Every structure is written in structure tokens, then in C-alpha cells.
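Asks: Got a predicted structure here, sequence first:
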Amino acid sequence: MDYEKLAELLFPETDKLPSHYETMYPERNLPEGAMVTRLGPSPTGFIHLGNLYGAFIDERMAVLSKGIVYLRIEDTDDKRYVKGAEKMLLDSLSYFDIKFDEGITSEGEEGAYGPYHQSRRKEIYSCYVKELVKKGFAYPCFLTEEEISIIREEQTRLKLVTGIYGEFAKSEKLTFKEVEERIALNLPYVVRLKAQGSPFSPEILRVKDGIRGELAMPENFLHIVLLKQNGMPTYHLAHVVDDHLMRTTHVVRGAEWLSSLPVHLELFSKFGFEPPQYCHTPQLMKLSDNNTKRKLSKRLDPELSLLYYRQEGFHKDCVREYLMTLLNSDYEQWRKENPNKPLSDFPFSIEKMKSADALIDLNKLCDISKDVLLGKDVNEIYEFFKDWAFEFNRDIKGWFKDESFMKAILNIGREGEKPRKDLIYAKQIADHISYFFEDGLREQEDVPENIKDDDILVLLSEYLKTYDHSDDRSEWFNKIREISEKNGYAGKPKDFKNEPEKYKGHVGDVSTLIRLSLTGRRESPDLWEIQQILGEEKTKGRIRNYMTGREQNA
RNA sequence: GGCCCUAUGGUCAAGUGGUUAAGACACCGCCCUUUCACGGCGGUAACCCGGGUUCGAGUCCCGGUAGGGUCACCA
């Protein structure tokens, strides 16, 4: 077989040589130790936590080593292409504050190593595959889908590894003339790698993974597809060519790629390229119903989608903070010691990553979120909450008419020695503060058990009568004490606890009744503060309304 | 099924041959407290199993087991 002639037959249009691209995309001029990383999502319309997790590693590695992190769109599968997916991808990444030095941005392409859409790199892939054909490392394969499935069935029956290799690689044996005839007939074909490994006694490859350490895997023997019928590259080819040409030094990807590592290593070696340092990250899992770990699935698990976190309104810093605790386990300790330092000061390193799969824990995310939000200025929280509402909860747009009112609400109890940590994520915040707005009042909760039905109106009307909006916190509370004691409720909860038979209840029960009339709930932050924010008129109005409601019920 | 990866409390996890096996979240109890939240104190709870190596094994080796991944003209 004359491989040169075969290459010309298959790629008559391709006149450039690899050396052309090698000079076009030279080695990057970066300081010693600088890492070049990349994120290569597919525009399928679904971005998940794993993407962000990986993006974060890429970004940290590049930034800390003074290298480059770029974004490349891996759109080689037209069947899965979703319109608008790319914009969504960019939005999500920028929402979570991942910044790229190079590649695709919302303004277009940036950088000297493009194009950064794989779909626009067909010529480059053809050139490199042509080179492989010339060297006898790749060949056209005319096997149809039906033929391949027959082969697979036979292999399954014989308990052999499925795939195209060895004697099953029928097209490999075609003579030049036979290939020529088929091409003349316009028969569709793919280009396959002529793998060198043996299926029976493969050599063992030893690779060092940046996260997992030494890995031992058998060499590849599968004749995998390099170019599809439509001339588009498969992931394998595109990955090797692009990461070489874009001078990527570290490939961070999920562990699901581990098993195709031998293929990639073989390609790097066939091309004569230096392979990058691979870093296979653990997978994100969740606990399934029968208490076993399982991979997150996009159909079953809404929390896998990045959109979920935006819809729920988790602040970007909370998600990043949480992800950090999964990435480097000494992060929480560091954060404790450096509560105010920016995350970028943390000495992140891939060596500190664990290789076992991680279960995502929303509980923990919430806990972290409380602290992160507490550390934020009320103005920032206001903006964050407003942005969320305008994008994901239009119903409450009206809540933002009075900015200082909203800010006062969001700032309740956040100052002082023991600040409250009520705010977790936007959706939760909306519910948490809803009682401040007439359209957000929920159904009334039950009156405390210790409050006698006959006392309700008595207690409230006395409260109204003595209410003075200018009272300070202690004056205000003393009045409640007096009302309680006057009506048979202990002024101090301790008294009631010690001698329950002497009282109907205690001041806490009375306070809860007032809280109920004001907010509809039995739990809330400090009532005095709520009243100050609500204003005198609304405060009194709500109590009167509540009383009228009780009267009508009675 | 073949190949590969992984294995410490419910979860995230320290730990690299000698520890009373850290810490965080969750949970429970107590304290503080007008409710809640916050905070403080305390508690329940773990080295998958079996063989080696060793004076000594969560830690090293081998074998199981379990979970996961992958075996596409998807990435």
C-alpha cells in the first residue's frame, strides 16, 4: 500500500502540512512552571456542577502558576447541538465568576491559538489525519452501522472485547485499488486509527496522573474513529490535536475519561507530540434512595444543573466556597484562620485533591452560605437579591420599590456580637422575609397552646393601647411583661418553668401571640426591630386586622 | 462480562508503620434566650472482609467484596 497516494486520495484539498500549524501556533512564552489549562464544554444546553468544578480547578491552576486558562467550545457533534446553549454556558460561567484569559468570550474570540470552536478547525484536523495516513497509522473504514453491529454481536457471543480491531478491522486490509473504487462510488467512510497494541498481550502503560498518581493501563488496541463520516473529528482526535496546538500543559477532566487515556496516549505518540499532564478529577455523586452512591444524573437530580443553583439563588461565592472544601480538604481550616482573605490567597493545589468520588451535600452548602452571606455588605446582598428576583421571581419585583425598606429588612440582626445567620439563598430569603409585604403573608400559624382563647383579644388590645412607637427595646418589652403578668402569665419564663401551676403561660407565649398577629408566624427575628421597620401605622394596622379576624371567627 | 478507578462515622474529610483515629456539616441533649436564629458546652457515630509482611497495619502486599467509570461515527 502506498500511503502517500492514499492520503492524497482521501484529502485532496488539504495542502498544508503540520509544520504550517506548528509555526502558526508556537510554544507559549510563559514563565517557568506556568500552567496552561482549558475548559472544553459541549454546547448541549446543559451545564452542570461538574463543569464548574473542573473550571474552577483549571482557573486556580492557571492563575496560581501565572499561566493561561482558556475556553474552547467542543461542538463537534451537530446532533447534540442546542441553539443558545453557548450563551447560556457563558452566562453561567460568568455568573460564577470564572474568568478566562483566552478563547471564547461573550464578545467573541480572543487569543492567538484559535479558532476556539472545534467546528471551525476542520482543516487542521484533516491535515493531521492526513499525516497519520501518510505514516500508515490511519485508514479509511467503509464498515456500515449494520456490519459493525453484526461484528459486535459476534464478539459478544464469543466473549471477546467489542470493537474494531485485529481481524475485525476489515477495511484495514483493503488494497489501494479497492479503496479507490469505493471512493469513486461515493461510499461513506470514517477514518480510523490503526492501533498498534495487541488485544491479547497488551503492554502496560505507566502514566502519572496529577491527581491520582501512578496509573497502570493496558495499551490501546482499538481502531477508534478519528474522523466521522461528515469529516468532523471525534473527541479523541480533537483533544489531542487541539491541546497540542493550543499548548495546553494540564488537561483537567472527569474520571470518566480515564478509560480512554490509552487511546489519547497512543495518538500523542503517533503524532510525536509531548502529552500533557493529565489530571482526572473525582466524579460528583449523590446518595440514591437505597443509600448507595451513584453518579448524578441530569434527569433525576436537579442539583446537578448549574441552573439549579442560580434559580435557587445561591450566591456565587457560596458555591465557590463550597466547591473549595471539596477540592482541597484543608480549605475549611484555612478559611477559619483567614475569614476575610480573598479565596485567591488560598494555596490551592491538585496534589491535595482526593481521587475518590465526592457526594454533594446541600446541607453543607447551606451552612457555608450562611457564613458567606453574613460577611457581605447589605448593599451587596440587596443587589444580589434584586438581580435574582428580576430574573427568577418576577412576582416579587414590587418588593424593591422602596430600597431603604428592603435594605433594612435584609439587615435585620446582622450586626452586633451574635449576628443572625438567617440568609442562605435568594429563594429562601424571599420566603423568610415575605411577611413584610402584604402579598407575601402566608396563612396564619396557630396561637401558642398556653394562650387561652378568651385572652387573645384582651392581650392584644392592651398591647395596642400601651404601644408607643418611640419606645426603645427595653421599654417596649417591659410593657409586654406587665401585660403578661396582669393577665396571669409569668413575666419570666423561668418562673413559669419552676411553678407551672401558678401561671397560664409566660411572656414568651404572649410575645409569640403578638408576633403572630404581626407576621403570621410563630418564629421571626426580633419583633421590636420588625416593628421599627414596618412603621407605626402598619404595625397597629396588622394587629387590628388580626383582632378583627379573630372576632369574626368567634 | 472485559478493562480501569475507588473504599475512614449519615455526609465532607485529616491521617503516608506506633494517635485516647483530628476537624466540619447533619443529628441528639443541656445552657443562653420573649420565639427563632446566633453562640457556648456535651453526646451518638467510622478504618469493607480475609490472608500475609512487621515487634507493631487505617496506613505496605495479595485475594475477595462493594460502589463507580468505561467499552459510540457523544463529549
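Replies: Yep, that arrived. The model shown is predicted, which means the values in this text are computed figures rather than measured ones.
Asks: The stretch 101-250 of chain A against RNA strand B: which residues are in contact?
Replies: Along the stretch 101-250 of chain A, the residues adjacent to RNA strand B under the rule CB under 7 Å from any atom of the strand are A:143-145, A:148, A:152, A:159, A:161-164, A:188, A:190, A:212-213, A:215-218, A:224-225, A:228-230, A:232-235. Quick note: C-beta positions are derived from backbone N, CA and C, even for glycine.
Asks: any idea of the mean pLDDT in stretch A:101-111?
Replies: Across stretch A:101-111, the average pLDDT comes to 89.
Asks: Need the distance between the two termini of it.
Replies: End-to-end distance for stretch A:101-111: 8 Å, by CA to CA, to the nearest Å.
Asks: Put the buried members of the residues of the stretch 101-250 of chain A next to RNA strand B into a PyMOL selection.
Replies: To isolate the buried members of those in PyMOL, using 16 or more other CB atoms under 10 Å:
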select buried, chain A and resi 143+163+164+190+212+224+225+228+232+233+234+235
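Asks: Out of the residues of the stretch 101-250 of chain A next to RNA strand B, name the ones that lie in strands.
Replies: Members of these lying in strands (criterion: DSSP state E): A:V190, A:G213, A:L215, A:A216, A:M217, A:P218, A:V225.
Asks: Just name the closest of these to RNA strand B, please.
Replies: Lowest distance from RNA strand B to these (CB to the nearest atom of the strand) belongs to A:V225, with 3.6 Å.
Asks: which non-adjacent residue is nearest the closest one?
Replies: Distances taken as CB to CB, 6 or more residues apart in numbering place A:V190 nearest to A:V225, at 4.8 Å, with adjacent residues excluded.
Asks: The one you found against A:H223, yeah?
Replies: No. In this structure, A:V190 is not within contact of A:H223 by CB atoms under 8 Å, at 9.9 Å.
Asks: Tell me the first helix or strand C-terminal of the lowest-mean-pLDDT helix or strand in chain A.
Replies: The helix or strand of chain A with the poorest confidence is strand A:293-295; it has a mean of 50 (mean pLDDT, DSSP states H and E). Per DSSP states H and E, the first helix or strand lying C-terminal to strand A:293-295 is helix A:306-312.
Asks: Buried ones in that following helix, by neighbour count?
Replies: A:L306, A:L307, A:Y309, A:R310, A:Q311, A:E312.
Asks: Same list, those residues, but as TSV with distance to RNA strand B and pLDDT please.
Replies: Below are the buried residues of helix A:306-312 laid out as TSV (distance: CB to the nearest atom of the strand, whole Å; pLDDT from 0 to 100):
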residue	distance to RNA strand B	pLDDT
A:L306	15	82
A:L307	18	84
A:Y309	17	88
A:R310	22	89
A:Q311	22	90
A:E312	17	91
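Asks: what's the helix or strand for A:T37?
Replies: Applying DSSP H and E as the criterion places A:T37 in strand A:36-39.
Asks: So is that strand next to RNA strand B?
Replies: No. Between strand A:36-39 and RNA strand B, judged by CB under 7 Å from any atom of the strand, nothing touches; the nearest distance is 10.7 Å.
Asks: Tell me which two in the ones in strands among the residues of the stretch 101-250 of chain A next to RNA strand B are the farthest apart.
Replies: Pairwise distances across these (CB to CB) peak at 35.7 Å, for the pair A:V190 and A:G213.
Asks: circling back: may I have whichever helix or strand comes after the strand holding A:T37 exported as CSV, CA atoms only?
Replies: Next along the chain after strand A:36-39, taking DSSP H and E as the criterion, comes helix A:49-64. C-alpha atoms of helix A:49-64 as CSV (Å, rounded to 0.1, in the frame of the first residue of the first chain):
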residue,chain,number,x,y,z
LEU,A,49,-21.8,21.3,38.7
GLY,A,50,-19.0,19.1,37.4
ASN,A,51,-18.2,21.7,34.7
LEU,A,52,-17.9,24.4,37.3
TYR,A,53,-15.9,22.1,39.5
GLY,A,54,-13.5,21.5,36.6
ALA,A,55,-13.5,25.1,35.5
PHE,A,56,-12.5,26.1,39.0
ILE,A,57,-9.6,23.8,39.1
ASP,A,58,-8.4,25.0,35.7
GLU,A,59,-8.7,28.5,36.7
ARG,A,60,-6.9,28.1,40.0
MET,A,61,-4.1,26.2,38.5
ALA,A,62,-3.5,28.8,35.7
VAL,A,63,-3.8,31.8,38.0
LEU,A,64,-1.6,30.5,40.7
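Asks: Which other helices and strands does helix A:49-64 contact?
Replies: The helices and strands touching helix A:49-64, judged by 3 or more CB pairs under 8 Å, 6 or more residues apart in numbering; DSSP states H and E, are strand A:36-39, strand A:68-71, helix A:85-95, strand A:250-254, strand A:277-281, strand A:284-287, helix A:306-312, helix A:316-327.
Asks: Which stretch among these is buried most, on average?
Replies: Comparing these by mean neighbour count (mean count of other CB atoms under 10 Å), strand A:36-39 ranks first with a mean of 27.
Asks: Can you show me the helices along the stretch 401-550 of chain A?
Replies: A:403-410, A:426-432, A:453-466, A:473-486, A:493-498, A:507-519, A:527-534, A:536-553 (DSSP state H, counting those that start in this stretch).
Asks: quick one, which of these is nearest to RNA strand B?
Replies: The minimum distance between RNA strand B and the helices of the stretch 401-550 of chain A falls on helix A:507-519, with 2.7 Å, by CB to the nearest atom of the strand.
Asks: tell me what the closest one is packed against?
Replies: helix A:453-466, helix A:473-486, strand A:489-490, helix A:527-534, helix A:536-553.
Asks: Could you give the number of residues near A:S484?
Replies: Applying other CB atoms under 10 Å, we find 25 other residues in the vicinity of A:S484.
Asks: what would the helices and strands packed on helix A:49-64 look like in CSV with distance to A:P347?
Replies: CSV is the format used below for these (distance: least, CB to CB, whole Å):
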stretch, distance to A:P347
strand A:36-39, 17
strand A:68-71, 18
helix A:85-95, 24
strand A:250-254, 17
strand A:277-281, 17
strand A:284-287, 24
helix A:306-312, 26
helix A:316-327, 12
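Asks: per-stretch mean pLDDT over the ones you listed, give me the minimum one.
Replies: strand A:284-287 (a mean of 60).
Asks: Can I take it that A:K386 is in a strand?
Replies: No. Using DSSP: H, G, I helix; E, B strand; the rest coil, the secondary structure at A:K386 is helix, not a strand.
Asks: residue contacts, the residue lying closest to it once chain neighbours are set aside?
Replies: Of all residues not flanking A:K386 in the chain, A:F400 sits nearest, at 5.3 Å (CB to CB, 6+ apart). Applying CB atoms under 8 Å, 6 or more residues apart in numbering to A:F400 gives the contacts A:K386, A:A389, A:M406.
Asks: make it 10 Å
Replies: A:Y382, A:F385, A:K386, A:A389, A:F390, A:M406 (CB atoms under 10 Å, 6 or more residues apart in numbering).
Asks: which among the residues you listed end up buried?
Replies: Buried members of the contacts of A:F400, counted by 16+ other CB under 10 Å: A:Y382, A:F385, A:K386, A:A389, A:M406.
Asks: quick one: average confidence on the helix or strand hosting the fourth one?
Replies: What it means is A:A389. Using DSSP H and E, A:A389 maps to helix A:378-392. For helix A:378-392, the mean per-residue pLDDT is 96.
Asks: Quick one: work out the angle between that helix and helix A:85-95.
Replies: Using axes from the mean of the first three to the mean of the last three CA atoms, to 10 degrees, the direction of helix A:378-392 lies 160 degrees away from that of helix A:85-95.
Asks: and the nearest residue to A:P188 once chain neighbours are set aside, what pLDDT?
Replies: Distance criterion CB to CB, 6+ apart; nearest residue to A:P188, sequence neighbours excluded, is A:Q229 at 4.7 Å. We have a pLDDT of 94 for A:Q229.
Asks: same question, the one 5 residues further on
Replies: Among the per-residue scores, A:T234 holds a pLDDT of 96.
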